[in-house]
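[1] heads up, no residue letters with this:
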């Protein structure tokens, strides 16, 4: 079986990396290859003549007014060459000499080309010398550059919706997994060799409604672990950026989408019985039954898949996995993050839907109090755990306590709360922040589904300011900033050694989402310090994931002109057609380059690219490989947690600062870029 082979590869490689399922789009025939060499969209096109080996790499969405950096890649050492930049009307606005290479990448030399103070418009960059190359790019305001990208991000989550409340589109034509409305609950399975489930699943006898929610990735599984992370970022965005992500936006209003995610999380947490369910569906089976990862199909087929054949019983009726018996302690990573989601729910919806908001806050306090703060070494994330390895949890408790502090500052709180005093939660938040910073990892981690410390510190710093920065707490605002700075300085050190100035290792996996998260953290730090310390890096790391990289591709589907076409995503693969494939799963961020790409897909996946050509292989190097091929889930599977930092990244570039926590409005005197 396909997942047997995949799991064995994961174990032999010694990696605890995400092991999902994926799908894709279509082909890179010679005709389509021209799309990669001649980028047709105004603002980001590149020309390379036959036989030449020079390439220009740039942000395919374009550049904000101000400094611009483009990279020239050549196979042979570039002798002194010149470049010119002309407006679309032919007016020359800049010229200079191509400098020494920053670094080598594989068989290429990489030369940065810098020019400054360009006003809005379309430009052509031409390089003359032994290796000639040209590219067009766009300079414009952030509103013009990133508005569509934010809209694409929203559409991605809408296309990932499960259940009856789907949004019809070219990729979504029917409801899926209606049977989840009455799902049987099972105990967590036991796993054997290659993460195969031992024996049959053990039912508890309970039946719950687990309908709705987003598919985790290119598969049809649903995890509280990834959904809770995604909802946290979405609600922070709705609160902080009302004009970009909130109800004031005409193209990217995430308010309904965040509530869609919250509704599912509240089905997975029964506040009456204090019971948590953490997963819907299984991605690993055994010889007696099939699992989600062994069949390639449209999700709307699952409710009747295989008729009455027993081996498909967990496809038709997906298992709901129980975290712990009712009223028991809850793994603190899930408890802390869910508490944060539900507290943010109260903050965001308390005026528009007070009854809903009050229920959220009650549930937030209940689950926070049930956090197991002496957890076993292996935290509860998914079954099997290696689908999403995570070892840190104090960051989640810090975030949960911080959002509860901000929520309980409200003058109107529901009856029956275990804790009404916001000072209780502020102390909890700073205690957990201190424990996180002084823990085994020592803090300094990039924001991700496995570590929300960067976001927690940003929220806590603002919360402490609202409280008047009281003394006697376990951390100071300076401590939080120092830990954020540790992460960013690590990224800056890596950027100084990377030919493209990227702040993370290209071969480490999940590269694009790391770049987006670093861009968010850089913006947060600069806002808190009223500085532009990392502003140039924030822009650079965004440029990297949007095309300024060795492969010359954006890693967000639909953003730019060269982007992943053959993603490992069942719906996109089966319904995408044409040449190049259409429709595309716009807004989806893929896993990106990795040191050793793993592959595999069940029968039924459409071949993509049709001819199997790997147009990106010439650009692999420096320990990083990227393949735009449906079978390579390790490079082109999208996921909700991977995509989540992107909408915050774009919102920060658009807004420059978040709304004030008290008034919900932008203060004209606050630091701006």
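    Now that the structure is in, tell me what you want to look at. What you are looking at is a predicted structure, and each value in this text was computed from that prediction instead of being measured. Residues are numbered from 1 along each chain as shown.

[2] just the strands from the stretch 151-300 of the chain, written as ranges.
    All strands of the stretch 151-300 of the chain, identified by DSSP state E, counting those that start in this stretch, fall at 183-186, 203-208, 222-223, 269-270, 275-280.

[3] got the contact list for the last one?
    Just to be clear, that refers to strand 275-280. When contacts are defined by C-beta atoms under 8 Å, 6 or more residues apart in numbering, strand 275-280 is touched by residues 177, 180, 183, 185, 208, 210, 213, 221-225, 268-270, 318-327, 330, 334, 338, 367, 380, 382-383. (Each C-beta comes from the backbone N, C-alpha and C, glycine too.)

[4] that strand pairs with which strands?
    strand 222-223 (antiparallel), strand 269-270 (antiparallel), strand 320-322 (antiparallel) (DSSP bridges).

[5] the next helix-or-strand element following that strand: how far from the chain's middle?
    Counting by DSSP states H and E, the next helix or strand C-terminal to strand 275-280 is helix 313-316. Computed by C-alpha atoms, centre = their mean, to the nearest Å, the chain-centroid distance of helix 313-316 equals 29 Å.

[6] please apply the same query to stretch 522-529.
    With C-alpha atoms, centre = their mean, you get 20 Å for stretch 522-529.

[7] show me what counts as buried in that stretch.
    In terms of neighbour count (16 or more other C-beta atoms under 10 Å), stretch 522-529 has its buried residues at 522, 523, 524, 525, 526, 527, 528.

[8] and the contacts of it?
    454-455, 458, 461-462, 477, 481, 484-485, 488, 532-535, 537-538, 541, 649, 652-653, 657-658, 670-671, 673.

[9] what mean pLDDT does that stretch get?
    Mean per-residue pLDDT for stretch 522-529: 98.

[10] please, where are all the helices along the stretch 151-300 of the chain?
    Per DSSP state H, counting those that start in this stretch, the stretch 151-300 of the chain carries helices over the ranges 224-240, 255-268.

[11] mind listing what's buried along the shortest one?
    Put plainly, it is helix 255-268. For helix 255-268, a neighbour-count test (16+ other C-beta under 10 Å) marks 255, 257-268 as buried.

[12] nearest to residue 396 among those?
    Residue 396 lies nearest to residue 265 out of those, by C-beta to C-beta, at 14.1 Å.

[13] list the contacts for the closest one?
    213, 224, 227, 228, 231, 338, 341, 342.

[14] check the gap between the fourth one and residue 589 for me.
    So that's residue 228. 18 Å (C-beta to C-beta, to the nearest Å).

[15] repeat that for the second one.
    With distances taken as C-beta to C-beta, residue 224 is found 21 Å from residue 589.

[16] strands paired with the longest strand seen in the chain, and their directions?
    If you go by DSSP state E, the chain has its longest strand at strand 108-118. Its sheet considered, strand 108-118 pairs with strand 66-74 (antiparallel), strand 103-105 (antiparallel) by DSSP bridges.

[17] what's the average pLDDT for the last one?
    It refers to strand 103-105. The average pLDDT for strand 103-105 rounds to 93.

[18] from the chain's centroid, how far away is that strand?
    On C-alpha atoms, centre = their mean, the centre of strand 103-105 falls 28 Å from the chain's centre.

[19] likewise for stretch 381-392?
    17 Å.

[20] can you give me the end-to-end span of that stretch?
    End-to-end span of stretch 381-392 (C-alpha to C-alpha, to the nearest Å): 11 Å.

[21] ok, back up a step: please convert the strands of the stretch 151-300 of the chain to a markdown table, extending it with mean neighbour count, mean pLDDT and distance to residue 545.
    Shown next, in a markdown table, are the strands of the stretch 151-300 of the chain (neighbours: other C-beta atoms under 10 Å; pLDDT from 0 to 100; distance: least, C-beta to C-beta, whole Å):
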| stretch | mean neighbour count | mean pLDDT | distance to residue 545 |
| --- | --- | --- | --- |
| strand 183-186 | 20 | 98 | 37 |
| strand 203-208 | 14 | 98 | 38 |
| strand 222-223 | 28 | 98 | 24 |
| strand 269-270 | 20 | 98 | 34 |
| strand 275-280 | 25 | 98 | 29 |
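
[22] just to revisit the earlier point, residue 493 is nearest to which of the strands paired with strand 275-280?
    That would be strand 222-223 among these, by C-beta to C-beta, at 33.3 Å.

[23] now the helices for the stretch 301-450 of the chain?
    Counting by DSSP H, counting those that start in this stretch, the helices of the stretch 301-450 of the chain are 313-316, 332-349, 354-369, 394-408, 422-437.
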